[in-house]
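Student: what would the 3D arrangement of this be:
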Amino acid sequence: MRILLITDHYLPGYKAGGPIRTLANITDTLGDELEFLVLTSDRDLSGPPYPSIQHGVWQQVGKAQVLYLRPTERRWACWKRRLNALNFDVIYLNSCFSRLTIRTLALRWLKLIPVKPIILAPRGEFSPGALALKKCKKKLYLALTKVLDFYKDIIWQASSAYEREDIENVMKGESPIVVVAPNLVPVRARDLDAPPKDIGVLKLVFLSRVSRKKNLDFALRLLPNLTGRVIFDIYGPLEDLAYWKECQSIIAQMPTSIEVTYRGEIMPEQVMDTFSDYHLFLFPTRGENFGHVISESLRAGCPVLISDTTPWRGLEEQKAGWIVPLSQPERFEAVLENMLQMDDPAFKEYADHARRFGERAANDPVTIEANRTLFLTAAKCGRERI
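Tutor: Numbers count the residues shown, from 1 in each chain. Sure, this is the predicted structure:
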């Protein structure tokens, strides 16, 4: 089976975050039994074209063949010619609101490209928190495309039962076909040592794109009332500079006991090593369809304090972390205060439990089979239409 995977960004990019890793893990895991062709941009979320690629030729990247396209090659006419020139069995679209997704669905609706089964992975875009950002624009687009019947016969990928509910709520009246196929993650290569933990000292980390959706400002507002020395390091691309200025104004008012530092961007291969230097990953995100950084933090032995807007559950029962609703900032503060006063043996127990929890989730064979089933379901739907 030949899968045409269409995404705004792919390897060697990393600034677009978890979706790049999700797609790379799919091709690496299933690439021996399915053939993946990837159409993508020739540059990351920001910056110049990748220096290591060739334009105009298919290149082997992992277990996928990738074609990197200049901005001019992603325009309507070029896009139509490109899709008509390729031979494939299934189209896999990453993101509902991507321009490449919009153009592909519009050309399909106009019957200007071959009618093939389509899988669409919204990547958490239908969560209430994500839809609340640029709400009017998204609401108008979804209303218009529903009227035009853009989503007829499309297979929706949900990464969890929670995302399935989000898709069904947004696509109400469309009778969507939703397949739950959790995101795949790579197997951890080695053990990482947890840092020492002194009572009254807490090393916190925030590792994600700095954007309103990731909710860094919420995390910063939790810190001033804590009683002890807090080191809070921030890693990730500054995606929204206006939002970052808001965060900087909060940082400027921190008491002397709270040390906040922006550490810049890091490469994907540095993420787990970075997490292993901290006591807690503070990530009050407004919504994630999976949250690769949560998985990486856990597998690095760094417990997590996250919002309830991700599919992760059961952390507290397993002593791997905490899940708290965004409507309860006082509970966030209570967890942080508890971590501040925690001694080294108690912290090491949490770090060990976090690592085990993350590894169990990463090595679940049911997840691999669910992703295989996703593509088989799409192929079956295509045969039934024929």
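Student: so which residues of this protein form helices?
Tutor: Using DSSP state H, the helices of the chain run over residues 18-30, 76-85, 99-109, 128-131, 135-147, 161-170, 216-221, 241-251, 271-275, 292-299, 329-340, 344-362, 365-385.
Student: for those, please prepare JSON lines with the additional fields distance to Ser52, mean pLDDT and mean neighbour count.
Tutor: Any C-beta I mention is one placed from the backbone N, CA and C, and that applies to glycine too. Output for the helices of the chain, formatted as JSON lines (distance: least, CB to CB, whole Å; pLDDT from 0 to 100; neighbours: other CB atoms under 10 Å):
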{"stretch": "helix 18-30", "distance to Ser52": "15", "mean pLDDT": "91", "mean neighbour count": "22"}
{"stretch": "helix 76-85", "distance to Ser52": "22", "mean pLDDT": "96", "mean neighbour count": "14"}
{"stretch": "helix 99-109", "distance to Ser52": "22", "mean pLDDT": "96", "mean neighbour count": "18"}
{"stretch": "helix 128-131", "distance to Ser52": "32", "mean pLDDT": "88", "mean neighbour count": "18"}
{"stretch": "helix 135-147", "distance to Ser52": "35", "mean pLDDT": "95", "mean neighbour count": "12"}
{"stretch": "helix 161-170", "distance to Ser52": "34", "mean pLDDT": "93", "mean neighbour count": "18"}
{"stretch": "helix 216-221", "distance to Ser52": "31", "mean pLDDT": "98", "mean neighbour count": "20"}
{"stretch": "helix 241-251", "distance to Ser52": "27", "mean pLDDT": "98", "mean neighbour count": "14"}
{"stretch": "helix 271-275", "distance to Ser52": "20", "mean pLDDT": "94", "mean neighbour count": "19"}
{"stretch": "helix 292-299", "distance to Ser52": "23", "mean pLDDT": "94", "mean neighbour count": "26"}
{"stretch": "helix 329-340", "distance to Ser52": "41", "mean pLDDT": "98", "mean neighbour count": "17"}
{"stretch": "helix 344-362", "distance to Ser52": "28", "mean pLDDT": "94", "mean neighbour count": "18"}
{"stretch": "helix 365-385", "distance to Ser52": "28", "mean pLDDT": "84", "mean neighbour count": "15"}
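Student: now tabulate those in a markdown table and tack on distance to Leu39.
Tutor: Shown next, in a markdown table, are those (distance: least, CB to CB, whole Å):
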| stretch | distance to Leu39 |
| --- | --- |
| helix 18-30 | 12 |
| helix 76-85 | 7 |
| helix 99-109 | 7 |
| helix 128-131 | 24 |
| helix 135-147 | 21 |
| helix 161-170 | 24 |
| helix 216-221 | 32 |
| helix 241-251 | 30 |
| helix 271-275 | 26 |
| helix 292-299 | 22 |
| helix 329-340 | 41 |
| helix 344-362 | 28 |
| helix 365-385 | 17 |
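Student: of all those, which lies closest to Ile3?
Tutor: Distance to Ile3, taken as CB to CB, is lowest for helix 365-385 among the helices of the chain, at 6.4 Å.
Student: skipping its backbone neighbours, what lies nearest Thr29 in space?
Tutor: Ranked by CB to CB, 6 or more residues apart in numbering and with sequence neighbours excluded, the top spatial neighbour of Thr29 is Leu184, at 5.2 Å.
Student: so what's the residue count around that neighbour?
Tutor: For Leu184, the number of neighbouring residues by other CB atoms under 10 Å comes to 23.
Student: tell me who's in contact with it.
Tutor: 22, 25-26, 29, 367-368, 371 (CB atoms under 8 Å, 6 or more residues apart in numbering).
Student: pull the most distant pair out of the residues you listed.
Tutor: The distance between the two most remote of the contacts of Leu184 (CB to CB) is 13.5 Å, for Thr22 and Ile368.
Student: Thr285 touches Val304, doesn't it?
Tutor: No - counting by CB atoms under 8 Å, Thr285 does not reach Val304; the two are 10.8 Å apart.
Student: list the contacts for the closest residue to Glu259 other than its chain neighbours?
Tutor: Distances taken as CB to CB, 6+ apart put Ile231 closest to Glu259, at 5.0 Å, once the chain neighbours are dropped. Neighbouring residues of Ile231 by CB under 8 Å, 6+ apart: 201-204, 259, 261.
Student: closest to Leu34 out of those?
Tutor: For the contacts of Ile231, the nearest to Leu34 is Leu204 (40.6 Å; CB to CB).
Student: which residues does that closest one form beta bridges with?
Tutor: Phe232, Leu280 (DSSP bridges).
Student: give me the neighbour count for it.
Tutor: Leu204 has 24 neighbours, counted by other CB under 10 Å.
Student: how close does Pro122 get to Ile167?
Tutor: 7 Å (CB to CB, to the nearest Å).
Student: overlap of the contact sets of these two?
Tutor: What both Pro122 and Ile167 touch, as defined by CB under 8 Å, 6+ apart, is the set Trp156.
Student: do you know the pLDDT at the residue nearest to Glu259?
Tutor: The per-residue pLDDT reported for Ile231 equals 98.
Student: can you pull the contacts of the residue lying closest to Trp79 once chain neighbours are set aside?
Tutor: In space, and not counting its chain neighbours, Trp79 is closest to Arg103: 5.2 Å by CB to CB, 6+ apart. Taking CB under 8 Å, 6+ apart, we find Arg103 in contact with 74, 76, 79.
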